[in-house]
Structures are given as structure tokens and as C-alpha cells.
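**Q** I would like to see how this sequence folds:
(2 chains)
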Amino acid sequence: MTANDRDPAIELRDVSKTFRVAHKKGRVRRGLREVVAVDDISLAIERGSIVGYIGPNGAGKSTTIKMLTGILVPSSGQVRVDRLDPSRARLEVTRRIGVVFGQRSQLWWDLPLRDSFSLLRHVYRVPGPRHQENLDRFVELLDMAEFVDVPVRQLSLGQRMRGELAAAILHDPTILFLDEPTIGLDVVSKEAVRRFLIELNRERHTTVLLTTHDLADVERLCERLIIIDHGTVIEDGTVADIKERYGTERTVVIDLDQPSVPLTVAGTEVVRIDGPRQWLRFRRADTTAAAVVAAVAEQADVRDLTVDEPEIDDIVRHIYQASR
Amino acid sequence: MPLRIYGHLVAAKTRADFQYRTSFFLYLASQTLISFADMVVVLILFTQVSSIASWSRSQVLFLYALSGIGFGLADLFISQVGLVSRHIKAGTFDQFLLRPLGALWQLSALEFAPRRAGRAVQPVIVLAVILPALDVQWTPVKVALVPITVVCGAVIFGAVWVTASSLAFYLVNSQELANSFTYGGSFLTQYPIDILGPWLRRFFTFAVPLAFVCYFPAAYIVDQPLPESIPSWFSFAAPVIALASVVVARALWRLGIRHYRSTGS
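**A** Residues are numbered from 1 along each chain as shown, chains lettered A, B, ... in the order given. Okay, the predicted model is just below:
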């Protein structure tokens, strides 16, 4: 491994971004108010990792992505993308990164997808054989053969998004930024996008930073999760870590032979009863699922049981609420 | 931007525009008609007067043709920058910063509208008709001055366009203001500036140098005197003015992009 490989793909050091927003002050007068979109963020992202960058609307996700891609210049602090400063070496950085904004398109609306790809080949000056190789591979992986010759305006959202993905990586970027890549997609298309990202990361070691509101993306794709709110990082760790730290409560769902009074088991609380089915919530610190099940079996006949794991959705909602 | 990439992008845009063929040809026709209408105005004027500021009909038509070709070229290749305000408003300007090409040339290529070619075609015809009709003793200098004037005129118009469009980075609805300088300015350059008051004359000589687009060089070619207080070498200064305009336009455009990148939208 060279020193080059050990450098983080993305690094932010004490990065802040402040916007001046005009607001009304009386009838005609306007004042400028400072809004801090990103507040002193420091983080590093390893090469070859897939990282989820999540947070509620207005948390500063897009502002961060825009600073990383050279669209915005930070108010203070240092940004490094593939060891370059995107605010100074913007053109050079554009060659090394791929960007997909879920709500925007970089394809030529009135031309077939294939034409967009070929134009991008010229824009990025990708050698012909390399382009062909990439194109064939991506058409196969993203299952685009059927619609690669159809004008973009006639594609479904799911097809178009697959096209956007391919368009963003035809120039072999080492880092891929995705801003809500699955927004508005149906389950099948979402899955196609996710499978592709995993394959891309495995095959080419592409570093992926994605923002999303769909936590299934995160669970499926990301080793690491960074949660921001009010412009600061409020949580950073592996998905398992975060579940471990916040998912302190579990629920055992028990189907009894017949309806019964609420069960009493030490360390648990019956949170719901529906006929013969009861939900028993407990803290992992107090007892274990096995102990709960054993205690229940002593009191009544158990027909079936399941243990509900904490959902990442619930955990993240909990974290957002705590930070408000 | 390398010319080859520019060519590819323009060809793609042309192919895309051709998907809407009827609209394309209607627009092309309307553009040709607009510049034709400008000429009709000149012709009608001359049914009432025999000269405008001592310029004869064919001399004014010569001016009209030079200005029309220069403006048509700038309209075809540069006027697209005017769309920057729309892109900023829609949030689509970001994509220009995400590609390894200058934003200005991307706008020029990606928004290239072949239908605008109609603007330049008609003045070319007028020039071809009017050149032999001019009562001019052609010298090598005068001959060379014709193409030089056209090119410099296009460059100056383009620079005015870029300069005015740079306002979009600061003001939300700046396109109208920009258009008044460019489309308004093009109308102005079709006539001898002697018809303007002294203040406007100075404005269009020193502030927005549209008088160099074709009036000063054309005056030399057709042996018309320049207004008092204008040195005669102004007739040959267009290349220098064009260069200076480009330097100013480029600096302002870059400043605008820097401003955009530090404020977002």
C-alpha cells in the first residue's frame, strides 16, 4: 500500500459555511442575517468506503456536498478531496469525482442516453476503448440495454436514474457523491441502484458518500453512518455501533395459546395486547430475550414468539429528536 | 475549451433542436424576419430624408450590414450566457461547475441555438449587395478593415453580453437589463452616432464601446468625418478595444462565479 492509498479520500478540517440571507426589516429596508449552514465539521473518509451522510432537511448535508465538489467555497476550514482543494483546483477535482444529484439531471433531455454518454466521453476526454469497456459494463450492471437508445425525456424515473449513475462514473472517478440517489424511485429501481453501488465499490474500490432520507439505503450500503444536524456532526460510527448505542430497548412479541391478563416478567413492561398476542418491552441492560422467554413459558403456554430488533428508522428519528 | 469538444456539444444541441423541427424552422424564419425588419426601417427612413447625419442610404446600409453580422455572430456564439440567470434561479448552474470545462463555454455550447443563425444571414446578403454600390476608393487598408471590423464587432458585442450577464451572480432578474445593452445596443450601432446627443455619444464611445463596433471604422471606409473631439485613429482602434473588452468581461465573469461559489443560491 502506498502513502497515497492511506490518505483519506475526503477530509474536512474545521469546515464552516456561513450564508448571508436577506430578510425583511420593515417595509422596504432589508437586513442581512448570517445563517450557519455548516458549523465547524471535521471528518475523514477512508478510500474505498461507502458512507451515509444523513440528517434532517436543512441540516447542512447538501452544503457539505457542494463544498466537497467545488461548487461552494467554505467560509473557513480546509477541504481535501483526493488530496486536492476543490475550491482552488476545481477543474482537476471534477475529473476525479462523480456527482449525482437526485433532483437534477446532467443528461441531454432530447437525445438518447447513449448520446449523453458519448458527449461526456468527449467532455472528460476518456480514451475510446476505455469508454467502450466502461459503457458495456455499466449497461450490463444497470440493465440498460433496453433503453440506452431511447431519448432521455421518454425514460421512467428509475431508468433515468440508472442513466444518471452511469453518466457520473464513465470517467472513472475515484470518489462518487450521491445526493439522494433513490428519491422517488420504486422498490425495484432502488434495489437496482443499491446493487450497482455495491458492485462498483467492490469492483473498483470507488469511495461513495451518499445523502439519503431512505435509511434502507444506509442499512444496505453503508459501513459507516455520519449524522449531522444544525451543521454539526452529532453521530458518527458503524450502523451496528449506532444501533448498539441507541437501540437499548427491545420488544419480545409472544403469541399465547389463549388471551391472558398482562404477563408479569421482571424487567419488562407489557406495552400492547392484542387478543392472545402480547408485546413485552425490556432494556438490554436489565434482562435478555432468553430470560424473558423462559419466564413467560413458566406462566403460560407459548405458541410462537419473535424478537423485534430496533429499526434504524426509529433510532435515527430518536437521534434527530434528541438534537432538536 | 478545445474546439473539438465545443463542436461535439454544439452538434448534439443541434440534433436535439431538430427533434422539434417545425418550431426550429419557424424560429429561424422569425429571426431572419426581425433583422429584415431592421433593414426595412432604414429603407423607409430614406424615403423621407436623403441622408442621416450626412450619411447616404447605401452608407447607412453598409453600417447596418457590418453591425448585423457582428451582432449575429455574437448572438449565435455568446448570447447564451444571458441564460445564466435562469440557470442560477433553477439551481442548474451547479452542473456547469461540476465538469472539467469553463462555465462560459459550456453555456455557449450547451445552449447553442442554431436557429439564431438567421440573424447573421440577412446582413451578409446586404453587405454583398451594398459593397459594390458604395462610392469608395478601395485601398488595401479599407479592404482589410471590413473583416477586421466584423470580427472585432462580434467580440465587443460578446464582451458586452458577458459583462452584462455577470450581473446575474448578484441580482436575481438581471437578464432584462443585460438585454437592453445588447439588443438595444445592436439597434444603435446601425446608425451613425452623430444622431445621438453628446453625452450618449461619449457613453457609447468610452463606457460601453459600441461605437467601435462599426461606426468608427465604417466612417473611415466611406470617408465620413468623425464627430469633433474624436481623434481619427479611433477608426483603427477596434482590435484594441475588443481586446480590452474581453479582459474586462472575463474578469467580471470570474468575479461573478467566485461570488456565486461563496454565497450559493
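
**Q** every contact and neighbour count from this point should use C-alpha atoms.
**A** Noted.

**Q** show me where pLDDT drops low in the chain?
**A** Assuming you mean chain A. A:1-5, A:324 (pLDDT under 70).

**Q** sorry, I should have been clearer: chain B.
**A** B:264-265.

**Q** from it, which residue is nearest to chain A?
**A** Distances between chain B and chain A by CA to the nearest CA are smallest at B:Arg261, namely 4.3 Å.

**Q** name the element that residue belongs to?
**A** helix B:238-263 (DSSP states H and E).

**Q** and A:Asp14, by the same measure?
**A** Following DSSP H and E, the helix or strand that holds A:Asp14 is strand A:10-24.

**Q** how far does stretch A:35-54 sit from its chain's centre?
**A** With CA atoms, centre = their mean, to the nearest Å as the basis, stretch A:35-54 stands 11 Å off its chain's centre.

**Q** end to end, how far does that stretch reach?
**A** 20 Å (CA to CA, to the nearest Å).

**Q** buried residues in that stretch, which are they?
**A** Using 16 or more other CA atoms under 10 Å in any protein chain shown as the burial criterion, the residues of stretch A:35-54 that qualify are A:36-42, A:45-54.

**Q** which residues of chain A lie near chain B?
**A** A:19-20, A:69-75, A:90-92, A:94-95, A:99, A:104, A:106, A:110-111, A:115, A:119, A:122-124 (CA under 8 Å from any CA of the partner chain).

**Q** let's see it at 6 Å
**A** A:19, A:71-73, A:91, A:94, A:110-111, A:122 (CA under 6 Å from any CA of the partner chain).

**Q** among the residues you listed, which pair sits farthest apart?
**A** The most widely separated members of those, counting by CA to CA, are A:Phe19 and A:Leu111 (37.5 Å).

**Q** more crowded one of these two?
**A** Ranked by neighbour count (other CA atoms under 10 Å in any protein chain shown), A:Phe19 and A:Leu111 place A:Leu111 first, with 21 against 17.

**Q** quick check: the more buried one touching A:Asp149?
**A** No - using CA atoms under 6 Å, A:Leu111 is not in contact with A:Asp149, being 8.6 Å away.

**Q** so which residues make contact with the strand holding A:Asp14?
**A** A:30-45, A:74-81, B:263 (CA atoms under 6 Å, 6 or more residues apart in numbering or on different chains).

**Q** and the angle from it to helix B:238-263?
**A** 100 degrees (axes from the mean of the first three to the mean of the last three CA atoms, to 10 degrees).

**Q** where does chain A get nearest to chain B, which residue?
**A** For chain A, CA to the nearest CA, closest residue to chain B: A:Leu72, 4.3 Å.

**Q** ok so that residue is a strand residue?
**A** No - with DSSP: H, G, I helix; E, B strand; the rest coil as the criterion, A:Leu72 is coil rather than part of a strand.

**Q** how about the helix holding B:Arg261: buried residues?
**A** Quick answer for helix B:238-263 (16+ other CA under 10 Å): B:238-239, B:241-242, B:245-246, B:249-250, B:252-253, B:256-258, B:260-263.

**Q** could you tell me how far it lies from the centre of the chain?
**A** 17 Å.

**Q** which strands and helices sit next to it?
**A** For helix B:238-263, the packing partners by 3 or more CA pairs under 6 Å, 6 or more residues apart in numbering or on different chains; DSSP states H and E come out as helix B:140-166.

**Q** ok, back up a step: which of the buried residues of stretch A:35-54 fall in strands?
**A** Within these, residues falling in strands by DSSP state E are A:36-42, A:45, A:50-54.

**Q** of the residues you listed, which pair is most distant in space?
**A** It's A:Val36 and A:Ile50 that sit farthest apart of these, by CA to CA, at 27.1 Å.

**Q** in its sheet, what does the strand holding A:Asp14 sit against?
**A** strand A:30-45 (antiparallel), strand A:76-81 (antiparallel) (DSSP bridges).

**Q** excluding sequence neighbours, find me the nearest residue to B:Tyr64.
**A** Leaving aside its chain neighbours, B:Tyr64 sits nearest to B:Gln190 (4.5 Å; criterion: CA to CA, 6 or more residues apart in numbering or on different chains).

**Q** so which bits of the stretch 151-265 of chain B are right by chain A?
**A** B:261-263.

**Q** of those residues, which is the nearest to A:Thr251?
**A** B:Thr263 (48.3 Å).

**Q** ok, the residue lying closest to B:Ile193 once chain neighbours are set aside - how many residues close by?
**A** Sequence neighbours aside, B:Arg201 is the residue nearest to B:Ile193 in space, at 6.3 Å (criterion: CA to CA, 6+ apart). Number of residues near B:Arg201 (other CA under 10 Å) recorded here: 18.

**Q** cool, and the one 5 residues further on?
**A** Each residue near B:Phe206 was counted by other CA under 10 Å, and the total is 13.

**Q** helix/strand/coil for it?
**A** helix.

**Q** separation between it and B:Phe216?
**A** Taking CA to CA, one finds B:Phe206 at 13 Å from B:Phe216.

**Q** do the same with A:Tyr320
**A** Note on A:Tyr320: its distance to B:Phe216, by CA to CA, is 68 Å.

**Q** so between these two, which is more surrounded?
**A** B:Phe216 (27 against 16).

**Q** my read: the more buried one touches B:Ser235, true?
**A** Yes - the criterion here is CA under 6 Å, and B:Phe216 meets it with B:Ser235 at 4.5 Å.

**Q** mind giving me a markdown table with the strands paired with strand A:10-24 and columns for distance to B:Trp105?
**A** Output for those, formatted as a markdown table (distance: least, CA to CA, whole Å):
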| stretch | distance to B:Trp105 |
| --- | --- |
| strand A:30-45 | 31 |
| strand A:76-81 | 25 |
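
**Q** quick check: chain neighbours aside, which residue is closest to A:Gly128?
**A** In space, A:Gly128 is closest to A:Arg121, 8.0 Å off (CA to CA, 6+ apart).

**Q** next secondary structure after the helix or strand where the one you found lies?
**A** Here A:Arg121, judged by DSSP H and E, is contained in helix A:113-124. Per DSSP H and E, the first helix or strand lying C-terminal to helix A:113-124 is helix A:128-141.

**Q** could you check the angle the helix or strand following that following helix makes with helix A:113-124?
**A** Later in the chain than helix A:128-141, the nearest helix or strand by DSSP H and E is helix A:157-169. Angle of helix A:157-169 versus helix A:113-124, following the same axes, to 10 degrees, is 20 degrees.

**Q** list the helices and strands helix A:157-169 packs on?
**A** strand A:97-101.

**Q** what residues are bridge-paired with A:Val79?
**A** Here A:Val79, judged by DSSP bridges, has bridge partners A:Leu12.

**Q** what residues are up against it?
**A** Taking CA under 6 Å, 6+ apart as the test, what A:Val79 contacts is A:11-12, A:85.

**Q** most neighbours, which of the residues you listed?
**A** Neighbour-wise, the contacts of A:Val79 (other CA under 10 Å) top out at A:Glu11, 23 neighbours.

**Q** tell me how far that one lies from A:Gly58.
**A** 22 Å.

**Q** same check on B:Ala218?
**A** B:Ala218 is 59 Å from A:Gly58, by CA to CA.

**Q** which of the two has more residues huddled nearby?
**A** Neighbour tally, B:Ala218 and A:Gly58, criterion other CA under 10 Å: the higher count belongs to B:Ala218, 25 against 13.

**Q** so that one belongs to a helix, correct?
**A** Yes - assessed by three-state DSSP, B:Ala218 belongs to a helix.

**Q** how many neighbouring residues does the residue nearest to A:Phe138 when sequence neighbours are not counted have?
**A** Take A:Phe138 and drop its neighbours on the chain: the residue closest to it by CA to CA, 6+ apart is A:Ala166, 6.3 Å away. By other CA under 10 Å, the residues close to A:Ala166 number 24.

**Q** sorry, back to before: let me see the backbone angles for the residue of chain A closest to chain B.
**A** Dihedral pair for A:Leu72: phi -120, psi 150, per degrees, to the nearest 10.
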